[in-house]
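Peer 1: quick one, structure for this:
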Amino acid sequence: MLEHINLQNILFLDVETVPVAPSFSDLPKNFQELWAEKTKWRRKDVYSPEEFYDFKAGLMAEFAKVVCISVGYIFKQNAENYFRLKSFYGDDEKELLSNFADLLTEKFNTTTHYLCAHNGKVFDYPILCRRMLIKGVRLPKILDLSDKKPWEANHLDTMEFWKFGDYKHFASIKLLAALFDIPTPKDDIDGSQVSRVYWQEKDLERIKTYCQKDTLTVAQLLLRYMGKPIISDNNIEVA
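Peer 2: Prediction:
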């Protein structure tokens with residue numbers, strides 16, 4: 001599986017987002033109305049706009065902001081695989097998106113480079129592109145799909161690989177890590193808690209650690225798919 005891809009040309013990533021405002025009432029009035037309109041068909045008569053905002057706004061690019069992007073790549077040293085992690089995170093979304101875009105433009109800008117995320121084609125890649133456009137950040141070549149055919153996009157997705165064409169199937173990265181015996185640190189938070197940790201606890205370091213854990217797990221999962229040994233803890237570096 002994926003024998004044609006050079007592992008050292010893949011940038012693994014994970015993105016963490018939060019609602020753009022801490023609560024529905026903090027949104028400008030026109031955006032409160034736009035939120036209610038956009039989510040009406042999903043809420044039906046079960047949730048109010050306020051209730052739905054609390055647990056879904058961070059997943060919609062129009063009402064979310066990126067607070068952390070963790071990336072990692074595999075490199076060889078003494079015939080062993082090593083993994084280096086780096087994170088772009090902070091309150092200034094435009095700055096972190098710009099710094100991430102610069103990395104892609106400078107280091108991952110050829111047809112032999114790839115991005116890899118879990119459920120990336122549904123969430124990570126689209127939300128990065130949308131938030132970059134909103135913030136006035138020029139899309140790096142590897143993210144810009146406007147002139148590419150679907151098979152020309154160098155976007156790998158460990159979730160899509162696991163589907164094997166079954167469009168309705170979903171498996172969390174936590175479940176797949178357990179199935180493939182990939183050791184992961186004891187969970188501190190999960191995705192549903194990121195908004196609270198950001199807006200109430202104001203603990204970006206905690207979010208960064210969680211994001212980096214998932215980025216590493218994506219890389220380990222792809223290695224398992226390819227029938228290769230995972231990277232040992234001693235060979236993991238954080239920039």
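Peer 1: Lys86: neighbour count?
Peer 2: By the criterion of other CB atoms under 10 Å, Lys86 has 17 neighbours. C-betas here are computed from N, CA, C, even on glycine.
Peer 1: surely Gln6 and Thr112 touch.
Peer 2: Let me fix one detail, which is that residue 6 is Asn and not Gln. Yes: here Asn6 lies in contact with Thr112, judged by CB atoms under 8 Å, at a distance of 6.9 Å.
Peer 1: packing partners for the helix or strand containing Glu37?
Peer 2: According to DSSP states H and E, Glu37 maps onto helix 29-43. Under the contact definition 3 or more CB pairs under 8 Å, 6 or more residues apart in numbering; DSSP states H and E, helix 29-43 sits against helix 49-56.
Peer 1: could I get the helix it packs on in CSV with only the CA atoms?
Peer 2: The C-alpha coordinates for helix 49-56 follow below in CSV (Å, rounded to 0.1, in the frame of the first residue of the first chain):
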residue,chain,number,x,y,z
PRO,A,49,-29.1,28.3,17.7
GLU,A,50,-27.3,29.0,21.1
GLU,A,51,-27.1,25.4,22.0
PHE,A,52,-26.0,24.3,18.6
TYR,A,53,-23.3,27.0,18.5
ASP,A,54,-21.6,25.6,21.6
PHE,A,55,-20.7,22.2,20.1
LYS,A,56,-20.7,22.8,16.3
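Peer 1: ok, Leu156 - contacts?
Peer 2: Leu2, Ile5, Ile10, Tyr114, Leu115, Cys116, Ala117, Gly120, Leu222 (CB atoms under 8 Å, 6 or more residues apart in numbering).
Peer 1: and what of Gly136?
Peer 2: Counted by CB under 8 Å, 6+ apart, Gly136 has contacts Lys94.
Peer 1: one more pass at 10 Å, please.
Peer 2: Lys94, Leu97, Ser98 (CB atoms under 10 Å, 6 or more residues apart in numbering).
Peer 1: what of Ala219?
Peer 2: So Ala219 contacts 7, 10-13, 72-74, 81, 83, 85, 116, 158, 182, 230-231, 236 (CB under 10 Å, 6+ apart).
Peer 1: setting aside sequence neighbours, what's the nearest residue to it?
Peer 2: In this structure, Ala219 finds its nearest non-sequential neighbour in Phe12, 4.5 Å apart by CB to CB, 6 or more residues apart in numbering.
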